[in-house]
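Enquirer: everything below, folded, please.
(chains A and B)
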Amino acid sequence: MDFSTLIQILDSTLRLATPLLLACLAGLFSERSGIFDIGLEAKMLVAAFFSAAFAYSTGSVWIGLLAGIAASMVFALIHGVASITFRGNQLISGVALNFLASGMTVLVAQSWFQQGGRTPSLIGGARFEPITLPFADAVRDVPFLGPLYSDLLSGHSILVYVALLAVPATWWVLYRTRFGLRLRAVGENPAAVDTAGVSVIGLRFAAIGIAGLLCGIAGAYLATGLQAGFVKDMTAGRGYIALAALIFAKWRPWYALGACLLFGLLQALSLRTDVVDAIFPFKMPVQLLDSLPYILTVVILAGFVGKAIPPRAGGTPYVKER
Amino acid sequence: MKDMAGTADQPSGAPPNAPAAIELRGISKAFGPVQANKDITLKVAKGAIHGIIGENGAGKSTLMSILYGFYKADSGEILINGQPTEIPDSQAAIAAGIGMVFQHFKLVENFSVLENVVLGAEDGALLKPSLSKARKQLTQIAEEYEMNVDPDALIEDIGVGMQQRVEILKSLYRHADILILDEPTGVLTPAEADHLFRILRGLRDEGKTIILITHKLREIMEVTDTVSVMRRGEMTATVKTAETSPEQLAELMVGRKVLLRVDKKPAHPGATVLKVEDLRVVDEDKVERLRGISFEVRAGEILGIAGVAGNGQSEVLQVLGGITTATGSVQINGNEIDLTGKHSDGRSRRERGIAHVPEDRQRQGLIMDFAAWENMAFGYQWDPDYNHGLLMDNAGLKRETEGKMERFDVRPPHGHLAAKNFSGGNQQKIVLAREIERNPDLLLVGQPTRGVDIGAIEFIHQRIIELRDAGKAILLVSVELEEIMGMSDRIAVMFDGRIMGERLPAETNEGELGLLMAGITNDSGANEGAA
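Expert: Take a look at the predicted model:
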């Protein structure tokens, strides 16, 4: 495998890791507040559909992005009302949303566009175009570092950079702000937050809202950045992989970046069978690569690589004790 | 309400005619048909330590929850420092200068002391300025009131006494003038409790008002200036502590005369029933929880194991009950018991005549959602008497449960009610009825009266003594020193997985036991009480 192939694979890794990373950070906010979010998949899927549909109808990808975020936030709100306000089971609510999104997007797409449950292909301003970073062309000829900058870092859509910047931003919010302190506290011991005079419900809805926002961006990126249009079930389990990455990352932002890049690399490799065959001396089934994120997560959960301790109050609705 | 102290009970520290720190007028609160608080009127003078005592379910906690904004009273008025005050939520309570230390601490385990103190009382959107300001203030407050804590220690790494101090610091950091403590000494050693009382007196002398909710008469007598008694949602009396006695308070709480001392005849120990030698338990984290303990329990005697929770007493019960594996030797009536868990479990223990009343009755003693009659069969469901071939004899079980509930005075005596619908004391009676009526050779009892009313405590103690007098061996584990002193024929004190020494109740006192519980042995007195 030569250097340019490596750059290609890493470039593809970055693209494929972006939706994972955004969804993973969404899950991080949600779960750090004590709300399990198995519905990342649902939120991404509705965002993907509505962003593609609105981008196609209006010709503006930005309106598409906003529509995607709005759709994702509505789903987040439903999850919030079910699991925070009415103290329903968070897993059941999430699973229900996943089914709802999977069926609803195709149904609406069919009645809107009559193209077999997909949106028409997006072209021009209805897609996120790659951005060329400054001096990308100028430094391309510098050995080694040149291609890294020009071909790997440069030339992605803006949402890729948003996702990357979201990592330090999340870290900063979580560990350096009042909101972050309260968010971490409410996921560990909501009673402590409540007795300190802070609203548990308010904090959890805020966390869920942020999760909706990030999933919305992730979904929009899928339909208008990574691909050109919506197709049925296009999230293809990314929400679950993001959850796996979240556990792998032990609910920490920088680890999340690492986990998502690793899982993105596995996805990128499974698209390049020629490279896989070149790396491994034996016939490596692509399905094995696809299942590696889950296998690694099980290994983590089994405690082989340190302990993954979820937020202590995760999954349990908060009821005042007396 | 009979107000024996009148309203003139101003402590010396407060200026005359100052408005009461807290005044409640006609507070009522109902949950459905249950009247939790009925027309409560209470005045707490500024700069006083005021005790509120009552049985479980008497309405103490409801009243305090109303004060802290968890519940809204159906009717009535709250005055803070003479000002009528609305307290719709905790935030309003904090703003009114009320701080609350709950029985179960409201701390974030993996946060530092500093972060816990700051949580909810930050100065701005960024953490750093809040944290550095809090660090300064915390050192100041800590020095002032003799409450040293390391601000950077994680809550999960410090002991319960320390955690409680963090809770108090939290309130003080929020400028609380009125501090409410709910059952604060349940988790403390006698020495830690004494330290807490010193802190409380210090706070009172600084002009803070303290409300102490407890069911322990000794603490009321020791630390409070005035005391209010609650019974069935009503405030039955408010008296000056100096002018009352534990007997009078107990009578006011229960509504009848109560025997505070356990009434028992001298024991007549017979043959050795339980013989434990060099018992060792290593837990999942490779920590040695039991470090080679040995003891004996003979027929017709009660061996009490004293100690602060978490020093290995639970493990002793779990090993003997067949829940945990161990190494060493355990003999029942001279027969060796398998401790590896390969050839024995809870069931085979029961078949050998060991009955177990576990410490955590809600998790290990009962299935809370199951009916009382179902719970009466647990652990013995294999018994042929309870079965017709493949099917369980439910009708027979229900009939038998009725009798047991009557004999053990379980109220209400309805076998079809789920275990969770009974009060703590009645849940315990269900477990005791199940285990004692099997007529075991050895009864293991953990925390028999934790969360149980005074009236029920008396009953439970009598039943255990009766079993002893019937010639059975009893191993009693309790963190209540009074209970250990009153019930036991011999006392073993555990600390850090070891037995620090054995004493005879008549030849020791709480002070000596307290030192042993803290791991301090006095060589000259060691083992003199060993049997």
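
Enquirer: in the helix or strand hosting B:Q331, what's buried?
Expert: B:Q331 belongs to strand B:327-332 when assigned by DSSP states H and E. Using 16 or more other C-beta atoms under 10 Å in any protein chain shown as the test for burial, strand B:327-332 gives B:328, B:330, B:332. Where you see a C-beta, it was placed from the backbone N, CA and C, and this is true even at glycine.

Enquirer: quick one: distance of that strand to the chain centre.
Expert: 31 Å (C-alpha atoms, centre = their mean, to the nearest Å).

Enquirer: next structured bit after that strand?
Expert: Criterion used, DSSP H and E; the element after strand B:327-332 is strand B:335-336.

Enquirer: continuing past that next one, what's the next helix or strand?
Expert: Heading C-terminal from strand B:335-336, the first helix or strand you meet, by DSSP H and E, is helix B:346-351.

Enquirer: which elements pack onto that following helix?
Expert: Contacts defined by 3 or more C-beta pairs under 8 Å, 6 or more residues apart in numbering or on different chains; DSSP states H and E place helix B:346-351 against helix B:313-321, strand B:354-357.

Enquirer: what sits up against the longest one?
Expert: The reference is to helix B:313-321. With C-beta atoms under 8 Å, 6 or more residues apart in numbering or on different chains as the test, helix B:313-321 has contacts from B:274, B:276, B:279, B:281, B:289-290, B:293, B:305, B:307, B:324-326, B:330, B:339, B:346, B:349, B:354, B:356, B:358-359, B:442, B:444, B:446, B:475, B:477, B:479, B:494, B:497.

Enquirer: the shortest one too?
Expert: For strand B:354-357, the external contacting residues (C-beta under 8 Å, 6+ apart) are B:317, B:320-322, B:332, B:346, B:349-350, B:365, B:379, B:428, B:431-432, B:435-436, B:438, B:440-446, B:448.

Enquirer: can you give me the neighbour number for A:S57?
Expert: A:S57 has 16 neighbours, counted by other C-beta atoms under 10 Å in any protein chain shown.

Enquirer: same question for A:L14.
Expert: Counted with other C-beta under 10 Å, A:L14 comes out at 21.

Enquirer: ok, now which ones touch it?
Expert: A:152, A:156, A:160, A:261, A:264.

Enquirer: so which of the residues you listed belong to strands?
Expert: Among those, the subset assigned to strands under DSSP state E is empty.

Enquirer: now render these as JSON lines, adding neighbour count, pLDDT and distance to A:V231.
Expert: Shown next, in JSON lines, are these (neighbours: other C-beta atoms under 10 Å in any protein chain shown; pLDDT from 0 to 100; distance: C-beta to C-beta, whole Å):
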{"residue": "A:L152", "neighbour count": "17", "pLDDT": "87", "distance to A:V231": "28"}
{"residue": "A:H156", "neighbour count": "21", "pLDDT": "92", "distance to A:V231": "22"}
{"residue": "A:V160", "neighbour count": "24", "pLDDT": "96", "distance to A:V231": "21"}
{"residue": "A:L261", "neighbour count": "18", "pLDDT": "95", "distance to A:V231": "25"}
{"residue": "A:G264", "neighbour count": "24", "pLDDT": "93", "distance to A:V231": "20"}
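
Enquirer: nearest to A:E41, of those residues?
Expert: Using C-beta to C-beta, A:G264 is the member of these that lies nearest A:E41, at 16.8 Å.

Enquirer: roughly how far does the nearest residue to the closest one once chain neighbours are set aside sit from chain B?
Expert: Distances taken as C-beta to C-beta, 6 or more residues apart in numbering or on different chains put A:A17 closest to A:G264, at 2.8 Å, once the chain neighbours are dropped. Separation of A:A17 from chain B (C-beta to the nearest C-beta, to the nearest Å): 29 Å.

Enquirer: give me the number of residues near A:A17?
Expert: By other C-beta under 10 Å, 26 other residues sit near A:A17.

Enquirer: so which residues on chain A come close to chain B?
Expert: Contact residues, chain A versus chain B (C-beta under 8 Å from any C-beta of the partner chain): A:175-182, A:184-185, A:188-189, A:191-198, A:312, A:320-322.

Enquirer: just the buried ones from the residues you listed?
Expert: Buried among the residues of chain A next to chain B (16+ other C-beta under 10 Å): A:177-182, A:184-185, A:188-189, A:191-198.

Enquirer: would you enumerate the residues in contact with B:D283?
Expert: Here B:D283 is in contact with B:R289 (C-beta under 8 Å, 6+ apart).

Enquirer: quick check: the gap between it and chain A.
Expert: Counting by C-beta to the nearest C-beta, the gap from B:D283 to chain A is 16 Å.

Enquirer: mind listing what the residue in the stretch 51-200 of chain A that chain B sits nearest to touches?
Expert: The nearest approach of the stretch 51-200 of chain A to chain B comes at A:A196, 2.7 Å away (C-beta to the nearest C-beta). Applying C-beta under 8 Å, 6+ apart to A:A196 gives the contacts B:90, B:94, B:106, B:119-121, B:170.

Enquirer: closest one to chain A out of those residues, please.
Expert: Closest to chain A, out of all of the contacts of A:A196 and judged by C-beta to the nearest C-beta, is B:G120, at 2.7 Å.

Enquirer: on the three-state scheme, that closest one is what?
Expert: coil (DSSP: H, G, I helix; E, B strand; the rest coil).

Enquirer: residue ranges with poor pLDDT in chain B?
Expert: Scanning chain B for pLDDT under 70 picks out the ranges B:1-17, B:259-260, B:522-531.
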